[in-house]
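J.: let's see this in three dimensions:
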Amino acid sequence: MKRTIIKFNSEEKIVGVWHTPKEKSTKAIILAHGITVDKDEDGVFVDLANSLSDKGYSVFRFDFRGHGESSGESVDFSVNWEIEDLKVVVKYVEDEGYKEIGLLGASYGGSSTTVYSAKHLSKNIKCLCLWNPVLNYDHTLLNPTLPWIKEKKEHMQKDIAKKGWTTLGSRKFVLGKSFFDTMKNLFPYQLLSNIKIPTLIVHGTKDTKVPYDDSVEYVKNLENGVLQTVKDAEHGFHEDWEYAIAEKTTIEFFLKYL
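T.: All right, here's what the predicted structure looks like:
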C-alpha cells in the first residue's frame, strides 16, 4: 500500500491509499466510502482493494473531505463536496496514466458516484458499482422511512434550527445545515437514466440504514444495469458471509467490464 496526498484549491487536500498489483496495470478502480466512515469502510474497503489488486487492478481508496485524514470539517460537508472530490480524484488517477477506470460507491458515496457518472464527467469511467446506495435523499435522510433515523428526525431538525448543526449515527458525526439543504433539489435516482455504462447495484434485503426497496425500484431507471440482491444482509456487508457474496459479485463485475 502507498499513502498519497492530493493537494488542490491551494489549501485543500485529499488523502488516499493505492493498492497496486505485482505487474503494472493500465486499469484502476476508485473506491468511494459512505458518510461518517473513511477510506477503510470499517475494513471492507481494505479487503476489497487487496482482492481487486490480486486480480490485476490498481485500486485507489480515499477520504472525502470532512472524513478521515482529508482536509475540512464535517460540519461543512455536503454532496457537492463529494462530487468535487470525485472530480479531483478521477483527474489525479487519469494523470497517473490510467485511462480505463471503474468506480465503486458505498452508501452515501453511492449517491455522489451516481451523480458524477450521470453527468459524464470523465469518458474514462467504464463501469460503475454501487453498494447499498443512497439513491433517494428523501427516503434516506430528509424524510426517512427507516426506523433508525426516522425516530430522530424531529430532534435533528430542532438541532439544525437552533444550532445550525446536528449529529448522525453512533459516531456522532457532525453535519451542518448545508448538508441537508444541498440534497433537497438533487435526485440521484432520476439521474440513473443518464448512465449508459454497465452498472451493478449490490444491496442487502435487511439493510436498516438505506432502503433496499429503493434499489429494487430504481435499478429500472438504468439502461445497462442489474441489481444483485444479498438475501438477509445488513448495511455495509460487515458479516463475513455478507462480504463474501458482495466481494465475489463485485470482482466478477469488474473482470467482465473493465
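
J.: what about the strands in this protein?
T.: For the chain, the strands defined by DSSP state E cover 2-8, 12-19, 27-32, 58-62, 100-106, 125-131, 165-168, 173-176, 199-204, 225-230.

J.: find the nearest non-adjacent residue to the residue nearest the centre of the chain, please.
T.: The centre of the chain sits closest to residue 109, judged by CA atoms, centre = their mean, with a distance of 2.1 Å. Distances taken as CB to CB, 6 or more residues apart in numbering put residue 32 closest to residue 109, at 3.7 Å, once the chain neighbours are dropped. Just so you know, the C-beta spots here come from the backbone N, C-alpha and C atoms, and that holds for glycine as well.

J.: my read is that that neighbour contacts residue 108, right?
T.: No: using CB atoms under 8 Å, residue 32 makes no contact with residue 108, being 9.1 Å away.

J.: picking up where we left off before, between the strands of the chain, which one is nearest to residue 85?
T.: strand 12-19 (5.9 Å; CB to CB).

J.: CA atoms only: put the closest one into CSV for me.
T.: Taking Å, rounded to 0.1, in the frame of the first residue of the first chain, the C-alpha atoms of strand 12-19 are listed here in CSV:
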residue,chain,number,x,y,z
GLU,A,12,-7.4,21.6,0.4
LYS,A,13,-6.1,18.0,0.5
ILE,A,14,-7.5,14.5,-0.1
VAL,A,15,-5.6,11.6,1.4
GLY,A,16,-5.8,8.2,-0.2
VAL,A,17,-4.1,4.8,-0.4
TRP,A,18,-3.0,2.9,-3.5
HIS,A,19,-3.1,-0.9,-3.7
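
J.: got the angle between it and strand 2-8?
T.: Between strand 12-19 and strand 2-8, the angle comes out at 150 degrees (axes from the mean of the first three to the mean of the last three CA atoms, to 10 degrees).

J.: quick thing: my sequence starts at 53, can you match it?
T.: Yep, numbering from 53; the last one is strand 64-71 now.

J.: tell me how far strand 64-71 lies from the chain's centre.
T.: Relative to the centre of its chain, strand 64-71 is centred 15 Å away, using CA atoms, centre = their mean, to the nearest Å.

J.: specify the angle between that strand and strand 110-114 in degrees.
T.: Counting by the same axes, to 10 degrees, strand 64-71 points 140 degrees away from the direction of strand 110-114.

J.: what pairs with strand 64-71, parallel or antiparallel?
T.: Here strand 64-71 has these sheet partners by DSSP bridges: strand 54-60 (antiparallel), strand 110-114 (antiparallel).

J.: pick the most buried one from the ones you listed.
T.: strand 110-114 (a mean of 26; mean count of other CB atoms under 10 Å).

J.: the protein: helices as residue ranges?
T.: For the chain, applying DSSP state H gives helices covering 96-106, 131-147, 160-170, 189, 199-202, 205-215, 229-233, 240-243, 264-270, 292-309.

J.: closest one to residue 178 among those?
T.: helix 292-309 (6.4 Å).

J.: identify each buried residue in that closest one, please.
T.: Residues of helix 292-309 classed as buried: 294-295, 297-299, 301-303, 305-306, 309 (neighbour count, 16 or more other CB atoms under 10 Å).

J.: now swap in stretch 215-227 and tell me
T.: For stretch 215-227, the neighbour count (16+ other CB under 10 Å) marks 217-220, 225-227 as buried.

J.: excluding its backbone neighbours, what's nearest residue 120?
T.: Residue nearest to residue 120 in three dimensions, not counting chain neighbours: residue 90, with 3.3 Å by CB to CB, 6+ apart.

J.: can you tell me which residues contact the one you found?
T.: Residues near residue 90 by CB atoms under 8 Å, 6 or more residues apart in numbering: 115, 119-121.
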